[in-house]
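> any chance you can model this:
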Amino acid sequence: MRNEQKALESLLLDIGKAVQNIADDIAPKRTKDLANDITVFDDNLSNLSLSVGNTLLIDYAPYVHKGTGIYGAKKRRISPTKKKALKTPFGLRKSIKGQKAQPYLEDALQEVISSGQMDRMLGNYADDLGKDIFKSIEDSLSALKK
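This next block holds a predicted model:
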């Protein structure tokens, strides 16, 4: 059973790295900091759980991923709290719409699934597991013959 656990952990890591690679390619790249920070968090791998995302170093990542202003969770324009206007590249504004969501992590996962990459990884895992089980049965039968 220990080999199966290790094989599952390896499968999860492979899937996580595939998502990470695609997310790195499709993440917005104004400075490349966002894409370079995408990480596979495998500290809970023994419970067969892992996540892919940005570290806390890139504090704006959730806003890029989920959107802001009318496109974000609050669904309202962004207005200044301490000043009369916001300074934007287009001049001073009393409020702005915000930015649309760019869900690069969700899109990356969907790409891994829809491209068949996940199916291939699962198929390889199933093949390897089947070989291990067959070998285990073969070894048990050989031990009975002796």
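> what ranges in this protein fall below the confidence cut-off?
Applying pLDDT under 70 to the chain flags residues 1-2, 146.
> scan this structure for its longest helix.
Identified as the longest helix of the chain according to DSSP state H is helix 117-145.
> tell me how far that one is from the chain's mean position?
29 Å (CA atoms, centre = their mean, to the nearest Å).
> please name every helix or strand in contact with it.
Here helix 117-145 is seen to pack against helix 2-26 when contacts are counted using 3 or more CB pairs under 8 Å, 6 or more residues apart in numbering; DSSP states H and E. The C-beta positions use only the backbone N, C-alpha and C, and glycine is treated the same way.
> name the residues of the helix it packs on that come out as buried.
Neighbour-count burial for helix 2-26, counted by 16 or more other CB atoms under 10 Å, picks out Glu9, Leu11, Leu12, Asp14, Ile15, Gly16, Ala18, Val19, Gln20, Ile22, Ala23, Asp24.
> equivalent analysis for stretch 82-96, please.
Ile96.
> what's it in contact with?
For stretch 82-96, the external contacting residues (CB atoms under 8 Å, 6 or more residues apart in numbering) are Gly69, Arg77, Ile78, Ser79, Pro80.
> cool, and stretch 55-66?
Stretch 55-66 has contacts (CB under 8 Å, 6+ apart) with 28, 33-34, 37, 39, 53-54, 72-73, 99, 101-106.
> check contacts around the residue most central in space within the chain.
Centroid-nearest residue in the chain, with CA atoms, centre = their mean: Val52, separated by 3.3 Å. For Val52, the contact set (CB under 8 Å, 6+ apart) comprises Gly16, Val19, Gln20, Ala23, Ile38, Thr39, Val40, Phe41, Leu105, Ala108, Leu109.
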